[in-house]
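Engineer: Okay, predicted coordinates and the sequence, questions at the end:
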Amino acid sequence: MLEAPLFNSTDPGLRDDVHEWQPRPGGWQTLQLEQGIWEDEYLATLVEWTGAPACFADVSDSSIALVTGLDANGNRWQAWLNLDRRTVRRAAG
């Protein structure tokens, strides 16, 4: 997936901060960005290039994430993951 034009045409530092993981079940590929910001339009560019759905997770507090997805028809969705960890942390803190 690192061959996608997205990683050669955006912020020059973006490609240096991206690492590929082993493919996941169902053919899903995973990239990890060490730092920086993943712009919303990057998702549409990646879906257009692959012709397949894609999603990204913005992880905060090392335990919760906002996941944004887009399918090849332009349907967009968002979901929070692990919100109960944030509640437990606040109650314990």
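Structural biologist: Nice, thanks for sending it over.

Engineer: so residue 52 sits in a helix?
Structural biologist: No - Residue 52: not assigned to a helix; according to DSSP: H, G, I helix; E, B strand; the rest coil it is coil.

Engineer: what's around it, how many residues?
Structural biologist: As a burial measure, residue 52 scores 12 neighbours (other CB atoms under 10 Å). Just so you know, the C-beta spots here come from the backbone N, C-alpha and C atoms, and that holds for glycine as well.

Engineer: Go ahead and confirm it touches residue 73.
Structural biologist: No - counting by CB atoms under 8 Å, residue 52 does not reach residue 73; the two are 11.4 Å apart.

Engineer: So for this structure, which residue is the most central one in space?
Structural biologist: residue 56 (1.9 Å; CA atoms, centre = their mean).

Engineer: ok, and the helix or strand in the protein with the lowest average confidence?
Structural biologist: For the chain, using mean pLDDT, DSSP states H and E, the weakest element among its helices and strands is helix 83-92, scoring a mean of 56.

Engineer: Excluding chain neighbours, what is closest to residue 30?
Structural biologist: residue 21 (4.0 Å; CB to CB, 6 or more residues apart in numbering).
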